[in-house]
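Trainee: Build me a model from this:
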Amino acid sequence: MATLFFFLSLLLHSFHFSSSESFLGVNYGQVADNLPAPSATAKLLQSTSIEKVRLYGADPVIIKALANTGIGIVIGAANGEIPGLASDPNSATQWINSNVLPYYPASKIILITVGNEVLTTNDPNLQNQLLPAMRNVQNALNSAGLGGKVKVSTVHSMAVLGQSDPPSSGLFVGSYQPIMKGLLQFQKDTGSPFTINPYPFFAYQSDPRPETLAFSLFQPNAGRVDSGTGINYMNMFDAQVDAVHSALSAMGFKDVEIVVAETGWPYQGDSNEVGPSVENAKAYNGNLVAHLRSKVGTPLMPGKSVDTYLFALYDEDLKPGPGSERAFGLFKADLSMTYDAGLSKSSQTPPSPVSPQPKPTTTGWCVPKAGIPDAQLQASLDYACSQNIDCGPIQPGGVCFEPNTIASHAAYAMNLYYQTAGKNPWNCDFSQTATLTSQNPSYNNCLYPGGST
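Mentor: Numbers count the residues shown, from 1 in each chain. Predicted coordinates for the structure are as follows:
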């Protein structure tokens with residue numbers, strides 16, 4: 001049944017979703033002096049499959065520009081606003097009156113984030129004021145008749161976890177747990193999400209081995225086994241999100257929804273920075289989007305994609321810090337793509353399937369080696385089918401759907417990738433899980449491209 005679900009999900013992925021996708025959002029930062037007009041940005045967003053936008057403040061021009069687009073909007077109260085919101089309910093009421101009521105519902109405000117990474121400021125006064133501020137904002141929404149329609153949360157960095165490896169051992173930092181318990185109880189009571197910023201990019205920078213890069217970029221790799229559960233994780237994103245899930249579960253709040261408020265990869269950086277490049281950024285964001293579209297979910301939260309806000313819509317050229325901080329933009333100031341991460345609606349129509357014609361001198365097919373675990377084959381299958389090949393034959397009703405096993409479907413997809421990617425030995429590697437064979441694996445009406453003519 002699980003196998004069937006995965007391939008039904010893959011079927012949806014292969015259609016590339018020509019419409020917007022509710023789980024896909026983007027961060028719209030404004031620490032820049034060269035950003036396009038908000039009206040132009042609204043049109044750009046409507047040309048993509050992005051359905052939600054996160055603002056770090058509550059810029060009225062942007063909120064108005066997004067009116068009647070159907071795009072969900074996350075607005076934010078800054079850390080500096082927390083003391084006032086916490087101490088005075090009237091301040092929270094005024095905040096809602098100024099930043100929500102003039103625009104809602106034409107502008108689809110869905111979430112208010114009170115503060116950004118407050119716990120890891122290690123400012124005890126600010127930490128203790130966070131929950132009262134969130135409660136006052138919630139009460140102001142309730143009084144305005146928007147309780148349950150607009151949620152209230154706060155955004156955390158991954159540093160709130162004191163333990164995250166393996167994912168099943170995820171725990172919040174001990175000193176944060178008393179505050180975290182109150183926040184999570186509030187979020188459980190109000191149905192608001194736990195929002196956090198996982199960045200495989202930073203994890204790779206602290207562990208820059210080739211195998212870590214493949215693990216971070218959703219590329220074929222041997223995986224990392226969670227010693228607590230035996231689950232073999234095939235990518236860093238799932239491992240980080242499941243570590244958060246484990247930490248929530250350990251606190252007794254496993255049912256609080258997780259939202260990824262930020263994640264991304266820079267396309268350039270300073271000469272001494274490890275990891276930034278157009279190739280890596282395209283691989284991370286493009287493969288993440290494909291992973292979310294697959295609806296596979298994570299091992300501990302299967303069958304549903306976590307709402308994820310990519311960082312970021314544009315570069316922010318006035319940001320301080322290393323060069324990579326100013327190079328996360330998916331789009332340029334002239335509205336062109338920095339690279340193609342598969343977000344444009346026009347780029348999501350798959351090309352007409354073409355069966356590759358083997359060269360007369362070429363022999364061989366690419367198939368999985370014997371004894372490879374299904375988890376690794378599934379990762380290779382997911383990767384191959386995300387690389388603009390036609391996986392229709394292994395979807396329900398396709399001529400190669402039976403036998404309905406991961407091994408059989410992976411064999412077809414891995415071979416098709418090999419045949420279309422150049423037929424080089426490295427195109428049939430898949431982290432050393434595949435091999436070339438001279439025996440034609442075709443059967444019945446299921447024909448594997450390749451071999452010799």
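
Trainee: Least confident secondary structure element in this protein?
Mentor: Lowest on mean pLDDT, DSSP states H and E among the helices and strands of the chain sits helix 2-14, with a mean of 40.

Trainee: After that one, which helix or strand is next?
Mentor: strand 21-28 (DSSP states H and E).

Trainee: Tell me which other helices or strands that next one touches.
Mentor: Contacting strand 21-28 under the criterion 3 or more C-beta pairs under 8 Å, 6 or more residues apart in numbering; DSSP states H and E are the following elements: strand 50-55, helix 278-293, strand 308-310. For every residue, glycine as well, the C-beta is placed using N, CA and C.

Trainee: what's the offset of the helix or strand just after the first one from the middle of its chain?
Mentor: Meaning strand 50-55. Going down the chain from strand 50-55, the next helix or strand is helix 60-65, by DSSP H and E. Centre-to-centre, helix 60-65 and its host chain are 26 Å apart (C-alpha atoms, centre = their mean, to the nearest Å).

Trainee: May I see the buried residues of helix 60-65?
Mentor: I62, I63, A65 (16 or more other C-beta atoms under 10 Å).

Trainee: got a list of what N235 touches?
Mentor: N235 makes contact with P200, F215, S216, F218, H291, A379, according to C-beta atoms under 8 Å, 6 or more residues apart in numbering.

Trainee: Who wins on neighbours among those residues?
Mentor: Neighbour counts for these peak at S216, which has 29 neighbours (criterion: other C-beta atoms under 10 Å).

Trainee: what's the distance between it and S294?
Mentor: Distance of S216 to S294, computed by C-beta to C-beta, to the nearest Å: 18 Å.

Trainee: again with P167
Mentor: Taking C-beta to C-beta, one finds P167 at 19 Å from S294.

Trainee: Same drill for the two, tell me which one is more crowded.
Mentor: Using other C-beta under 10 Å as the criterion, P167 and S294 rank with P167 on top: 26 against 19.

Trainee: Name the nearest residue to that one, sequence neighbours excluded.
Mentor: D242 (3.9 Å; C-beta to C-beta, 6 or more residues apart in numbering).

Trainee: Could you tell me which of the contacts of N235 belong to helices?
Mentor: P200, F215, S216, H291, A379 (DSSP state H).

Trainee: Could you identify the least confident member of those?
Mentor: pLDDT across the ones in helices among the contacts of N235 is lowest for A379, at 84.

Trainee: Spell out the residue ranges of the helices in the stretch 101-250 of the chain.
Mentor: Using DSSP state H, counting those that start in this stretch, the helices assigned to the stretch 101-250 of the chain run over residues 124-143, 177-190, 200-205, 210-216, 236-250.

Trainee: do you know which of these lies nearest F331?
Mentor: Closest to F331 of the helices of the stretch 101-250 of the chain is helix 200-205 (C-beta to C-beta; 18.7 Å).

Trainee: Give me the neighbour count for the closest residue to A290 other than its chain neighbours.
Mentor: Once flanking residues are discounted, A290 sits nearest to S386: 3.9 Å by C-beta to C-beta, 6+ apart. Look at S386: counted by other C-beta under 10 Å, it has 24 neighbours.

Trainee: Can you tell me how far S386 is from R293?
Mentor: S386 is 9 Å from R293, by C-beta to C-beta.

Trainee: Check Q185 too.
Mentor: Distance from Q185 to R293, by C-beta to C-beta: 34 Å.
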